[in-house]
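Student: got a predicted structure here, sequence first:
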Amino acid sequence: MSNLSEVIRIRAIARGRVQGVGFRYTTLSRARMLGVVGWVRNLPSGEVEVEVQALRDVANGFIEWLRVGCRSAVVVDIGVAEVTVDPDADSFMIR
């Protein structure tokens with residue numbers, strides 16, 4: 001990844017019909033396509049949590065994509081917060 005001062009890390013919580021519809025796998029595919037790092041996981045609450053780290057424009061674009069997600073998902077809300085950059089992050093994974 002380039003200069004860390006240009007990189008941000010965002011945590012997002014997707015709410016709606018986001019589990020059991022391929023949301024995590026579609027998110028993984030999209031992340032790898034864009035070259036972002038971070039992770040995605042299901043929460044016991046039925047929500048999906050995502051952390052994405054990339055250049056600011058790429059990370060913000062990724063979050064906008066999450067608002068739609070995969071075709072079979074119905075995202076009704078996304079909570080977003082900027083968090084501390086992880087300088088050791090080097091891949092995107094499903095947790």
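Tutor: Received the coordinates, thanks. Numbers count the residues shown, from 1 in each chain.

Student: the residue nearest the centre of the chain pairs with what?
Tutor: Centroid-nearest residue in the chain: Val50, 3.9 Å away (criterion: CA atoms, centre = their mean). On the basis of DSSP bridges, Val50 is bridged to Ala12, Val40.

Student: for the one 5 residues further on, same thing?
Tutor: Here Leu55 sits in beta bridges with Val7, as judged by DSSP bridges.

Student: distance of it from Leu66?
Tutor: 17 Å (CB to CB, to the nearest Å). For the C-beta atoms, the positions are set from N, CA and C on the backbone; glycine is no exception.

Student: what about these two, which has more around it?
Tutor: The neighbour comparison of Leu55 against Leu66 (other CB atoms under 10 Å) goes to Leu66, with 25 against 16.

Student: list the residues that contact the more buried one.
Tutor: For Leu66, the contact set (CB atoms under 8 Å, 6 or more residues apart in numbering) comprises Ala12, Ala14, Thr27, Val50, Val75, Ile78.

Student: just the buried members of these?
Tutor: Buried by 16 or more other CB atoms under 10 Å: Ala12, Ala14, Thr27, Val50, Val75, Ile78, out of the contacts of Leu66.
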